[in-house]
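# Give me the fold of what follows.
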Amino acid sequence: MKNRINNRTARISRLAVTLVGLVACAAPSRNAESRPLRAAASGYEAQILVDGAPAPTFWHEGESYVLGHTGQRYVIRVLNHSSQRIEAVVTVDGRDVVDGKNGDFQHKRGYVVPAWGQVDIDGWRLSESQAAAFRFSSVADSYAARTGNAREVGVIGVAVFPERIYRPRPVVVPAPPCCMDHYRKDDLGGLRHAEDRAAPAPAATAQASEPAGSLSKGSRKAAVSANVASRERPGLGTEFGEAVTSNIQEVEFPRANASVPSVILGVRYNDRDGLLAMGVNVDGVSPWPDTELRRTADPFPSSPRHFAAPPSGW
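As a prediction, this is how the structure comes out:
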C-alpha cells in the first residue's frame with residue numbers, strides 16, 4: 001500500500017482461502033449482529049485516517065463511532081501491536097475491500113500486517129497497482145447501494161487472523177489390532193470411535209427442528225436488506241472513488257485458525273446529524289439533552305434558607 005511503513009509494497013494473502021476446507025468442522029464465531037464493534041481489542045487496532053490524521057472517533061454504549069463529512073477521502077489503517085504476523089480481512093459497508101463482494105472472513109483474502117507494524121488500505125482493489133479510493137458519500141452514491149444493496153452501509157470491519165506457527169507433527173499411535181474394528185478414520189485422517197461418528201451433527205439437528213414454513217436467519221436478513229435498500233436513507237456511505245496508486249504483492253499466509261478470527265474490530269460511521277440521532281455525544285457537551293433536563297426538572301428544589309437569597313453583587 002502507498003502509506004505502509006517506509007512506503008514499501010503491501011502484501012495480501014494468497015492461500016488463506018485454500019486452508020478453510022481443512023477446518024470446516026470448526027465452531028463458527030458469534031454473529032455480527034450481537035457483537036459490539038470496537039476500534040481496538042486484544043493488541044490490534046483499526047483507525048480511520050482523513051488527510052493523514054485519525055478521524056474524530058467517539059465511544060458510545062460499548063462501540064466505536066467515526067465522524068465523517070461528504071466528499072472526504074479516508075484510509076483504513078490496521079495496526080498490529082503483537083509479535084506475530086496477522087492477516088486482516090477488511091470490509092466497508094459489508095463489501096470486501098479486495099473483491100468488492102459480500103464480506104466473508106472465512107473465504108476471503110486479507111492484508112498481511114507485520115509484527116509490531118501497520119498497513120494502510122486506500123480503497124477497493126482494482127489491480128496489484130491500483131485501488132478505488134474510499135470517499136464518504138451519500139448512501140445512494142455508495143458503492144454498496146450502486147451494486148444492489150445498502151443494508152450494511154455505515155460500518156467498517158476488520159477480522160484478524162494470527163499466522164499459524166509450524167510445530168513438529170505429533171506421532172499417532174495406532175490402536176491395538178484387537179480393537180481396530182471399533183475405530184475408523186475421520187475426515188482429517190485421525191482415529192475416532194465409531195459411536196462418536198454415529199452421533200448426528202449439531203447443525204443438522206438444529207436444522208431439523210426448524211418449524212415448517214419458517215425463514216432461516218439468512219433469509220430473514222435478506223428480506224430486511226431488500227426492504228431497506230429500496231428506500232432512501234440519510235447519512236453517509238462510502239463511494240467507489242477515483243483510482244489511486246496502491247501496490248501489493250500476493251504471499252502465502254497460513255492462518256492459525258482458518259475459519260474463526262482471533263478478534264473482529266469495527267467502527268460505525270456517519271455524519272454529525274446521523275451520529276447525534278444515534279445518541280453519540282459528538283460535541284463533547286453535557287450528555288444530558290434538553291428533553292431529559294426538562295423531564296427531570298424539580299418544581300421544589302430543596303433549600304436550607306427560609307427566605308430568598310440575594311444574587312451575587314446585590
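# Only C-alpha atoms from now on, for both contacts and neighbour counts.
Will do.
# Low-confidence ranges, the stretch 101-250 of the chain, go.
Low-confidence segments of the stretch 101-250 of the chain (pLDDT under 70): 172-231.
# how about the helices in it?
Using DSSP state H, counting those that start in this stretch, the helices of the stretch 101-250 of the chain run over residues 143-146, 194-198, 202-208, 217-229.
# contact partners of stretch 65-73?
For stretch 65-73, the external contacting residues (CA atoms under 8 Å, 6 or more residues apart in numbering) are 48, 50-51, 55-59, 133-138, 236, 267-272, 275, 280.
# Dump that stretch to PDB, restricted to CA.
C-alpha atoms of stretch 65-73 as PDB (Å, rounded to 0.1, in the frame of the first residue of the first chain):
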ATOM      1  CA  TYR A  65     -18.200   5.700  16.100                       C
ATOM      2  CA  VAL A  66     -16.400   7.800  13.500                       C
ATOM      3  CA  LEU A  67     -17.500  11.300  12.300                       C
ATOM      4  CA  GLY A  68     -17.100  11.900   8.600                       C
ATOM      5  CA  HIS A  69     -18.100  14.500   6.000                       C
ATOM      6  CA  THR A  70     -19.400  14.100   2.500                       C
ATOM      7  CA  GLY A  71     -16.500  14.100   0.000                       C
ATOM      8  CA  GLN A  72     -13.700  13.300   2.400                       C
ATOM      9  CA  ARG A  73     -11.300  10.700   1.300                       C
END
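# Could you pull out the buried residues of that stretch?
By 16 or more other CA atoms under 10 Å, the buried positions in stretch 65-73 come out as 65, 66, 67, 68, 69, 73.
# Would you indicate which residues of stretch 131-150 are buried?
By neighbour count on 16+ other CA under 10 Å, the buried set for stretch 131-150 is 131-145, 149-150.
# Now, those that are in strands?
131, 132, 133, 134, 135, 136, 137, 138 (DSSP state E).
# of the residues you listed, closest to residue 78?
Nearest to residue 78 among those: residue 134, at 15.1 Å, using CA to CA.
# now residue 50, nearest residue through space, not along the chain?
Once flanking residues are discounted, residue 50 sits nearest to residue 74: 4.7 Å by CA to CA, 6 or more residues apart in numbering.
# any idea how far residue 169 is from that neighbour?
Distance of residue 74 to residue 169, given as CA to CA, to the nearest Å: 45 Å.
# Who has more neighbours out of these two?
Neighbours of residue 74 and residue 169, each counted by other CA atoms under 10 Å, are more numerous for residue 74; the result is 24 against 6.
# just checking, residue 268 touches residue 156?
Yes. Proximity of residue 268 to residue 156 meets the contact threshold set by CA atoms under 8 Å, at 6.4 Å.
# Those two: which has the busier surroundings?
Taking neighbours as other CA under 10 Å, residue 268 and residue 156 compare with residue 156 leading, 25 against 21.
# Please, where are all the strands along the stretch 201-314 of the chain?
Counting by DSSP state E, counting those that start in this stretch, the segments of the stretch 201-314 of the chain that form strands are 236-245, 248-251, 263-270.
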